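Visitor: Just the structure for this:
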Amino acid sequence: MGNGLLRNLFYSANHQQNHNFKIDDFMFAKEIRNSTIGIIGTGRIGYQAAKAWHGMGAKVLGYDIYESDQAKSILTYCDLKTLLKESDLVSLHCPYIKEENYHLVDKNFLAKMKPGSVLINVARGELMDLQAVYDAVKSGHLKGVGLDVLENESKVFFKDFAGKPTPDNITNKLLSLYPRIIVTPHIGSYTDEVVKNMIEITYENLKVILSGQKCKNKI
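Guide: Numbers count the residues shown, from 1 in each chain. Down below sits the predicted model:
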């Protein structure tokens, strides 16, 4: 999703779907190896995302209240203001904590982002003020946004509206800016490897609990 938005692939594919094969200024893109990627939340998932961008040659910045020694081998930690100012793409991988980061991404956050940059949220919908996100793309301040999560996703995700508007107004507004805003129905973990791991770990947890031992993954 992030790479597709940076290279304007969704935009180009949408044009071609309409049999338009002209090249315009919006299709011009910076190569990944010349880009700076900002990772907010450098835990296990954030680390893997940073590792992938680093592997493509990008400079990777990281922000987390708990810095990881492992992550330091592939990214440079900095304060949030610097990350937003310098990053061509900002990707959220942090947990949602109601009292601490509800609507972390608000009007002020977005104003600090680099003009023409891309924003990705594959973490939690509650981290974003979606109206502010819509406004930032509509105004042209952000080039694109990729969302695998929404704050009110239960109203929309896993349902087929057969081409009609959804019951959620802000979701409809976001969809109106396709292909600059891409929305996927919380499928970031819907892969062969992740599903396999979830099933195996669940059975291992049950085995441990049934044997009377202490489960390390107890919530």
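Visitor: what domains does the record give for this structure?
Guide: Taking automatic domain parsing as the reference, the chain has its domains at 2-189, 190-219.
Visitor: can you redo those domains as a markdown table with mean pLDDT and mean neighbour count?
Guide: C-beta: built from backbone N, CA, C; applies to glycine. Converted to a markdown table, these look like this (pLDDT from 0 to 100; neighbours: other C-beta atoms under 10 Å):
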| stretch | mean pLDDT | mean neighbour count |
| --- | --- | --- |
| domain 2-189 | 96 | 17 |
| domain 190-219 | 82 | 10 |
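Visitor: those helices in the chain, which residues are they?
Guide: 2-6, 9-17, 44-55, 80-86, 98-101, 107-112, 130-138, 169-175, 192-210 (DSSP state H).
Visitor: just so I know, which of those helices lies nearest residue 29?
Guide: For these, the distance to residue 29 is smallest for helix 2-6, at 6.2 Å, taking C-beta to C-beta.
Visitor: before we move on, back to that, so which of the helices of the chain gets nearest residue 30?
Guide: Closest among the helices of the chain, using C-beta to C-beta: helix 2-6, at 7.2 Å.
Visitor: and the closest one, what other elements does it pack with?
Guide: Counting contacts by 3 or more C-beta pairs under 8 Å, 6 or more residues apart in numbering; DSSP states H and E, helix 2-6 is packed against strand 89-92, strand 117-121, strand 142-147.
Visitor: Given the longest one, what are its sheet partners and their directions?
Guide: Applying DSSP bridges to the sheet, strand 142-147 is found paired with strand 117-121 (parallel), strand 181-183 (parallel).
Visitor: Show me the one of these that comes nearest residue 89.
Guide: Counting by C-beta to C-beta, residue 89 lies closest to strand 117-121 out of those; the figure is 4.3 Å.
Visitor: Identify all contacting residues around that closest one.
Guide: With C-beta atoms under 8 Å, 6 or more residues apart in numbering as the test, strand 117-121 has contacts from 1-2, 5-6, 87-92, 105, 110, 113, 127-128, 133, 136, 142-149.
Visitor: how about 6 Å then?
Guide: Residues from elsewhere that reach strand 117-121 (C-beta atoms under 6 Å, 6 or more residues apart in numbering): 2, 5-6, 88-92, 128, 142-147, 149.
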